[in-house]
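[1] Show me the folded form of this:
(one chain, ligands or ions: 1)
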Amino acid sequence: MIKTDAMVIGGGPAGSTVAALLAEKGHRVMLLEKARFPRYHVGESLMPFCWFTLDRLGLAGRMDEVGYQQKKSVQFATTDGRISAPFYFFQHLDHPAATTWQVERSEFDAMLLDNARAKGVDVREDTTVLDFVKQGERVTGVRARTGDGDPFEVEAALTLDCTGRDALFQRKHGWRRRDPKLNKVSIWTLFRGAKRDPGLDEGATTIAYLPEGGWFWNIPLRGDIVSSGIVAERDYLYRDTRDPAEIYFREIENNAWIKEHLGEGEQFGEYWVAGEYSYRAEHCATDGLVLVGDAFAFLDPVFSSGVFLAFKSAEMAADAADAALGSGDTRAVAFADYGEKLCEHIETMRRIVYAFYDPDFSFGKLIRKHPDLRPKLTDLLIGNLEERDFADLTRAIDELAELPEPLDYGRVPAGV
Ligand SMILES: Cc1cc2nc3c(=O)[nH]c(=O)nc-3n(C[C@H](O)[C@H](O)[C@H](O)COP(=O)(O)OP(=O)(O)OC[C@H]3O[C@@H](n4cnc5c(N)ncnc54)[C@H](O)[C@@H]3O)c2cc1C
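    You can find the predicted model right below:
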């Protein structure tokens, strides 16, 4: 039987980050990852405030050395091809974080995992966690299998589920609760040789609208590659075919900006599809276990918040876990503040996602009505959630869009 302090399942941004930070604090950390890196992963567009986690990990300086495409703004394109005034991050933020990146996740995630390894984490790739070991309701470790099929068990004071959208604990315990409204389908692929905008806008993320609340993302990567995806309602996407390539080329015709840009390029590789879009777990922790990143919650990626929230939750979970391991008490209650704060951050992002899908809302309308709120809106779009009170922005958005009530789940179980 292997024994460790912290057992991290999954080596994506959440797992690598929480593992590295706990190892830095002197804990024994093991990380099991089912894939062999580098492996493909969607989610290439970072938010500016990812910089602070990368800096804490000692990696901010490496990003430009690797040569990832710099991203300085986000812009929106109407169906007839008109582009909004871009939100340039540097107009709002006088800090290196104002330039962020579009990353190939294969390389980016491998860099994060190597960093965890360098900090002393016992990383084992090609190793799948099959189940949790429990004493009563308390999680005491995991049951896993190597790529060669050899089974083994690990006993841990704390297990951190960072399994992404596979969400191992959530699925095994029926803890997944879908967002009542945000249930879209996404199809995405890659293009080579597509048109790129010049200068500052070369690396911009473009959100290009489709009819009936759908949209395209256009994420220029290094070299000549563009990550391109569609997010829309299931009935809209599958209205006349289920063939992803046919759907793709049909929808390109529905946005003039996308047609102009992708029209010059050539699609290559797979089409990927994801459903079951936005969800949150019933709870963020149970005794001996905490959920981090997408293994806890996933929010529609229209504002590229996924890696940022994975980083944020990993940092917060690492701080709470460090205290819990230090005190020898890793019951769920140790993660009460973690759950509270993380749900608050997710709700802040979730409101703006709901507004985006409201046909009566547009950023242009909001800014014309409340020009003074542009900096706050930009704070939200760059991930500056920590020190800001968004009540006035929420009230202003509420005048234009129907906003959701906060979800009443995701905290630690009551009475712990
Ligand atoms: C269509 C789409 C578009 C997106 N676009 C963006 C974007 O532009 N920007 C952005 O920031 N985010 C985006 N996201 C979200 C982003 O991909 C995720 O939020 C982010 O990857 C979460 O990181 P994570 O570490 O929690 O999970 P992941 O990155 O998914 O990592 C989980 C890891 O766990 C491993 N694992 C799973 N099960 C097991 C197991 N049983 N045993 C061992 N290992 C296991 C997996 O192999 C994986 O490596 C997008 C998501 C989707 C679906």
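[2] Only C-alpha atoms from now on, for both contacts and neighbour counts.
    OK.
[3] for residue 155, what are its contacts?
    1, 2, 3, 4, 140, 141, 142 (Cα atoms under 8 Å, 6 or more residues apart in numbering).
[4] redo that, cut-off 10 Å
    Residue 155 makes contact with 1-7, 132-134, 139-143 under the criterion Cα atoms under 10 Å, 6 or more residues apart in numbering.
[5] Counting only strands, which of these make the cut?
    2-7, 132-134, 139-143 (DSSP state E).
[6] Which single residue in the stretch 251-400 of the chain comes nearest to the ligand?
    Closest residue of the stretch 251-400 of the chain to the ligand, Cα to the nearest ligand atom: residue 306 (3.1 Å).
[7] picking up where we left off before, tabulate the ones in strands among the contacts of residue 155 (TSV), appending distance to the ligand.
    Below are the ones in strands among the contacts of residue 155 laid out as TSV (distance: Cα to the nearest ligand atom, whole Å):
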residue	distance to the ligand
2	16
3	17
4	16
5	18
6	14
7	11
132	10
133	14
134	16
139	15
140	16
141	13
142	10
143	10
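[8] Give me the neighbour count for the residue nearest to residue 124 when sequence neighbours are not counted.
    Leaving aside its sequence neighbours, residue 124 sits nearest to residue 32 (Cα to Cα, 6 or more residues apart in numbering; 5.0 Å). Residues near residue 32, counting by other Cα atoms under 10 Å, number 24.
[9] try the one 3 residues further on
    Counted with other Cα under 10 Å, the neighbours of residue 35 add up to 16.
[10] let's have the chain start at 13 instead
    Got it, first residue is 13 now, which makes that one residue 47.
[11] Please name the nearest non-neighbouring residue to it.
    Excluding the flanking residues, the one nearest residue 47 by Cα to Cα, 6+ apart is residue 138, at 4.8 Å.
[12] before we move on, what about residue 382?
    Distances taken as Cα to Cα, 6+ apart place residue 408 nearest to residue 382, at 7.5 Å, with adjacent residues excluded.
[13] contacting residues around that neighbour?
    Contact partners of residue 408, counting by Cα under 10 Å, 6+ apart, are 378, 379, 381, 382, 385, 402.
[14] picking up where we left off before, now, which of the contacts of residue 167 sits nearest residue 271?
    In terms of Cα to Cα, no member of those lies closer to residue 271 than residue 19, at 47.0 Å.
[15] of the contacts of residue 167, buried ones?
    Buried members of the contacts of residue 167, scored by 16 or more other Cα atoms under 10 Å, are 16, 17, 18, 19, 144, 145, 151, 152, 153, 154.
[16] so the third one touches residue 153, yeah?
    Yes. Between residue 18 and residue 153 a contact is recorded at 9.1 Å, counting by Cα atoms under 10 Å.
[17] Identify the contacts common to these two.
    Shared contacts of residue 18 and residue 153 (Cα under 10 Å, 6+ apart): 166, 167, 168, 169, 170, 171, 172, 300, 301.
[18] And the fourth one, which helix or strand is it part of?
    Read that as residue 169. Using DSSP states H and E, residue 169 falls within strand 163-173.
[19] Paired strands for that strand, with orientation please.
    With DSSP bridges as the test, strand 163-173 is paired with strand 14-21 (parallel), strand 150-158 (antiparallel), strand 301-303 (parallel).
[20] mind listing what the closest residue to residue 295 other than its chain neighbours touches?
    Excluding its sequence neighbours, the residue lying closest to residue 295 (Cα to Cα, 6+ apart) is residue 422, at 4.2 Å. For residue 422, the contacting residues are 187-189, 292-297, 303, 308-309, 351-352, 354-355, by Cα under 10 Å, 6+ apart.
[21] If we use 6 Å, what do you get?
    Shown in contact with residue 422 (Cα atoms under 6 Å, 6 or more residues apart in numbering): 293, 294, 295, 296.
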